[in-house]
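> Below is the sequence, then the predicted model.
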Amino acid sequence: MIQAIHQAILAHDKIIVARHKNPDLDAYGSQFGMYYALKNAFPEKQIFAIGDTNALNRFEPFEEATKELFEGSLYLMLDTVAIQMIGNDWHTYAKTVVLIDHHQNDPDIPYELYWKDTTSSSTSELVFLFLEGAKIPITPDSARAIFMGIVGDTGRFMFSTSSRTLLVASKLAEIGVNMKEIYGGMYTESLSSKQMKAAYFHSITITPQGVGYRKNDQAFLDEFHVDAHAASRGLVSQMSGIEEIPIWVNFTYDKSIDQILCEIRSRDKIVLDVAKAHGGGGHPTACGCRVATWEETDVIINELNQLLEETNHG
Ligand SMILES: [Mn+2]
């Protein structure tokens, strides 16, 4: 697969590197890890990074996507294979589509090549393996992006970290990533952010079965000036690592789509089927979905309760 993707890159003069909307650090890391390395290796090609931006962008601004930009292009879509996650149909204008992803979902983006590796910590790890396998030099700025992506998706090498992940991290360290700078940027936060987390933490609910949850309504988002996506993804980890809470879920109202974002996490129990039953997806112990009503969030809580009851009695 690495050679086939390499051939596709060689065969196109225009390459567009993209990832899912509302990017997390793995989306950014895989995108810019690829982008910087390709720009360096192929100065004669036109190479673009496109997508929406947010507070996590530690890289650079994006090229504006137009129909003309996509004409004759190779479209590298990273860290997702779902149209719902990219929220546009730019892929229909590309000449060739290549998907690289570590999620479980089945793709609904039509593609020429699809590299799927659900054992990978992150898409950033796959980008490293691709560049190394294709003998495309990994520049310092590419290495920095990839390292941030891996750290983001593994929670500083806590989750889904294999010996290969650590080997990749070691090779990135050899290239010269500045870990102090990277960790400083990723794990320093404002006082108001810390205060929001304290308020959040003090108001979580735990069911008798051990499902921890919180429902973040618009009033909560307004009080702390936080947007729905930041609250949804950013606060769920506040309930991790608590002995009494083997499964936890964060519900956040997103007024831009008039739906409730659900982030489901678990220590060991596989919770992905619950997310899938509500139209979502992700990883076995870290997944999500969107629902239309608060009543449906109660259904999810009940289903998670049931998973724990099966363990307790089975
Ligand atoms: Mn990822």
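Received it, and whenever you're ready, just let me know what you need. Numbering: from 1, shown residues only.

> And the closest residue in space to Thr285 that isn't next to it in sequence, its phi and psi?
Sequence neighbours aside, Ser266 is the residue nearest to Thr285 in space, at 4.7 Å (criterion: Cβ to Cβ, 6 or more residues apart in numbering). Glycine gets a C-beta too; all of them are placed from N, C-alpha and C. In terms of degrees, to the nearest 10, the main-chain angles of Ser266 are phi -150, psi 150.

> need the contact list for Ser266.
The contact partners of Ser266, taken as Cβ atoms under 8 Å, 6 or more residues apart in numbering, are 246-248, 285-286.

> 7 Å - rerun?
246-247, 285 (Cβ atoms under 7 Å, 6 or more residues apart in numbering).

> Closest one of those to the ion?
Nearest to the ion out of the contacts of Ser266 is Thr285 (Cβ to the ion; 14.0 Å).

> can I assume the closest one is in contact with Val271?
Yes - between Thr285 and Val271 there is a contact under Cβ atoms under 7 Å: 6.4 Å.

> For these two, work out which one has more neighbours and name it.
Neighbours were counted for Thr285 and for Val271 using other Cβ atoms under 10 Å; Val271 has more, 26 against 17.

> Spatially nearest residue to the more buried one, not counting backbone neighbours?
Take Val271 and drop its neighbours on the chain: the residue closest to it by Cβ to Cβ, 6+ apart is Ile264, 5.0 Å away.

> Next, that neighbour: secondary structure please.
Following DSSP: H, G, I helix; E, B strand; the rest coil, Ile264 is assigned to strand.

> where does the stretch 101-250 of the chain come near the ion, residue by residue?
For the stretch 101-250 of the chain, the contact set with the ion under Cβ under 5 Å from the ion comprises 122-123, 153.

> now with 6 Å?
Within the stretch 101-250 of the chain, the positions near the ion by Cβ under 6 Å from the ion are 102, 122-123, 153.

> Near the closest residue to Asn88 other than its chain neighbours, how many residues? Count them for me, please.
Nearest non-adjacent residue to Asn88, counting by Cβ to Cβ, 6+ apart: Ala65, 7.5 Å away. Ala65: 16 surrounding residues under other Cβ under 10 Å.

> Let me know the secondary structure of Ala65.
coil.

> wait, isn't it in contact with Trp90?
Yes - counting by Cβ under 7 Å, Trp90 is a contact partner of Ala65 at 5.4 Å.

> Tell me, domain by domain, which residues of the protein belong where.
Domain assignment of the chain by automatic domain parsing yields the ranges 2-186, 193-313.

> for the ones you listed, which one ends up most surrounded?
Ranked by mean neighbour count, the domains of the chain are led by domain 2-186 with a mean of 19 (mean count of other Cβ atoms under 10 Å).

> now it, how far from the centre of its chain.
On the basis of Cα atoms, centre = their mean, to the nearest Å, domain 2-186 sits 11 Å off its chain's mean C-alpha point.

> do stretch 210-220 as well
When C-alpha coordinates are averaged (Cα atoms, centre = their mean), stretch 210-220 and its chain have centres 21 Å apart.

> ok, now stretch 182-193?
Using Cα atoms, centre = their mean, the offset of stretch 182-193 from its chain centre is 19 Å.

> Identify the residues contacting the residue lying closest to Cys289 once chain neighbours are set aside.
Nearest residue to Cys289, sequence neighbours excluded (Cβ to Cβ, 6+ apart): Gly280, at 2.5 Å. When contacts are counted by Cβ under 7 Å, 6+ apart, Gly280 touches 287-290.

> Check the gap between whatever residue of the chain ends up closest to the ion and Arg19 for me.
Closest residue of the chain to the ion, Cβ to the ion: Asp26 (3.4 Å). Distance of Asp26 to Arg19, given as Cβ to Cβ, to the nearest Å: 8 Å.

> Need the overlap of contacts for those two.
Asp79.

> any idea of the pLDDT on Arg233?
What the model reports as pLDDT for Arg233 is 89.

> For Gln218, give me the pLDDT.
The per-residue pLDDT reported for Gln218 equals 97.

> which residues sit against stretch 244-258?
Stretch 244-258 is contacted by residues 206, 210-218, 228, 231-232, 235-236, 239-240, 260-267, 269, 271, 297, 300, 304, 307-308 when judged by Cβ under 7 Å, 6+ apart.
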